[in-house]
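dropping the sequence and predicted coords here.
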Number of protein chains: 2
Amino acid sequence: MVIKTGFVGKYQHNLDDKNRVSLPAKIKKYIEEVASSPEFGGRIMLTKGPDNCIEGFMVGDWQTMAEKVKTNMSFKRNPEDEELEEIAMNADQVTIDKSGRIMINAELKKHAELGKSAVFVGAIDRFRIWNPDKLAEKYNGR
Amino acid sequence: MVIKTGFVGKYQHNLDDKNRVSLPAKIKKYIEEVASSPEFGGRIMLTKGPDNCIEGFMVGDWQTMAEKVKTNMSFKRNPEDEELEEIAMNADQVTIDKSGRIMINAELKKHAELGKSAVFVGAIDRFRIWNPDKLAEKYNGR
DNA sequence: GTAGAAAAGTGGGATAAAGTGGCAGATTAG
DNA sequence: CTAATCTGCCACTTTATCCCACTTTTCTAC
């Protein structure tokens, strides 16, 4: 039985010129332990988060959200689904490469105003990726 | 068991002069993973969607939705029936060719006011195809 | 603590895949 | 039979991924 502590901690990493960034070892390890099933091919769902951050989920958690829409599927949309639709529109499913990195696409990079440096922040059921300055601004002095 | 994340993301692609357009790799991959049954020969159902967009479904999902409509059908007509008829009337079942492209017929192209550029938008149980300007207009600034 | 080993993180070149456009043969309609 | 359209194929460009080398950090044993 795996102990599910969730994502915790704060880690600064660099983007390379191909917009790749290493997942912090502890975040990567947690993902691999919890979601080690064969159908999980090291996949992560990235979305636009609040305050210019990027949020990362494990695909299993995303699936739970998506199932809600699928079970009520019809030609016409429910208004409640539209919110999730907009999240889906701005989401990106990325894979963890052989070096333990993920790619941040142009739109997400712009949303988070990322330059070369990015900070990963654990938030239990998700992790967030911040521009270091934006993060400091938000949690100033705390 | 495959993790069903649904359709996600946003991808700009070009129509060629024969109104063919490549399916985004991630959308295509998802279709192939989830709908890998032999009777599904890489087929997609395209319909006129809301706000000038085109909606794309996997044929299996289309069938499920159509069955639902049939079981609720009554002898008396109601406004929703007509709406659904119109959707069915304007639907087009397209196949994915060997280069991973689908063809947008003239009527759907006109409905979406497509020019050379089209944006695919993931919406969990379906994907949508938009004129880039129309899409920006609808989700302006978000 | 320190030394050596292992793991994590970074960068860049090589390879593979995705996306695009054009041409040519096949198919269909008139 | 001819013209128009559809489909497959190929070539090329761009982008993503793999793979290896190297540096830095963390871990382990003494």
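Right, received. Where do you want to start? Every value quoted in this text rests on a predicted model; they were computed, and no experiment measured them.

which element, helix or strand, includes the residue nearest to the spatial centre of chain A?
Closest to where the C-alpha atoms of chain A average out (C-alpha atoms, centre = their mean) is A:Gly56, at 1.1 Å. With secondary structure defined by DSSP states H and E, A:Gly56 is part of strand A:54-58.

same deal with A:Ser99?
Under DSSP H and E, no helix or strand contains A:Ser99.

mean confidence for the helix or strand A:Met45 falls within?
Per DSSP H and E: A:Met45 is located in strand A:43-48. When pLDDT is averaged over strand A:43-48, the result is 93.

that strand versus strand A:54-58: what angle between them?
150 degrees (axes from the mean of the first three to the mean of the last three C-alpha atoms, to 10 degrees).

quick one: strand A:43-48 near DNA strand C?
No: using C-beta under 7 Å from any atom of the strand, strand A:43-48 never reaches DNA strand C; the gap is at least 14.5 Å. C-beta coordinates here come from the backbone N, C-alpha and C atoms, glycine included.

which strands and helices sit next to that strand?
Where contact means 3 or more C-beta pairs under 8 Å, 6 or more residues apart in numbering or on different chains; DSSP states H and E, strand A:43-48 is packed against strand A:54-58, helix A:59-71, strand A:92-95, helix A:106-111.

among these, which is the most enclosed?
Neighbour counts (mean count of other C-beta atoms under 10 Å in any protein chain shown) averaged over each of the helices and strands packed on strand A:43-48 peak at strand A:54-58, with a mean of 22.

and the contacts of it?
Strand A:54-58 is contacted by residues A:31, A:34-35, A:40, A:44-49, A:104, A:108, A:111-112, A:123, A:125-130 when judged by C-beta atoms under 8 Å, 6 or more residues apart in numbering or on different chains.

does A:Asn90 touch A:Lys48 like I think?
Yes: between A:Asn90 and A:Lys48 there is a contact under C-beta atoms under 8 Å: 4.5 Å.

contacts only, for A:Lys76.
Residues in contact with A:Lys76, defined by C-beta under 8 Å, 6+ apart, are B:Glu83.

and A:Ile104, by the same measure?
Neighbour list for A:Ile104: A:Leu15, A:Asn19, A:Arg20, A:Val21, A:Leu46, A:Ile54, A:Ala112, A:Leu114, A:Ala118, A:Ile129 [criterion: C-beta under 8 Å, 6+ apart].

so which of those belong to strands?
A:Arg20, A:Val21, A:Leu46, A:Ile54, A:Ala118, A:Ile129 (DSSP state E).

chain neighbours aside, what residue packs nearest to the first one?
This means A:Arg20. Among residues not flanking A:Arg20 along the chain, A:Arg101 sits closest, at 4.5 Å (C-beta to C-beta, 6 or more residues apart in numbering or on different chains).

distance of the one you found from A:His13?
Distance of A:Arg101 to A:His13, computed by C-beta to C-beta, to the nearest Å: 9 Å.

report how many residues lie close to whichever residue of chain A sits closest to DNA strand D.
Relative to DNA strand D, the nearest point of chain A is A:Asp97 (3.6 Å; C-beta to the nearest atom of the strand). When neighbours are counted by other C-beta atoms under 10 Å in any protein chain shown, A:Asp97 registers 13.

show me which residues of chain A are close to DNA strand D?
Counting by C-beta under 7 Å from any atom of the strand, chain A comes close to DNA strand D at A:Lys18, A:Asn19, A:Arg20, A:Val94, A:Thr95, A:Asp97, A:Lys98, A:Ser99, A:Met103, A:Asn105.

the residue nearest to the centre of chain A pairs with what?
Counting by DSSP bridges, A:Gly56 forms beta bridges with A:Leu46, A:Phe127.

shared neighbours, A:Asn90 and A:Lys48?
When contacts are counted by C-beta under 8 Å, 6+ apart, A:Asn90 and A:Lys48 have A:Leu108, A:His111 as shared neighbours.
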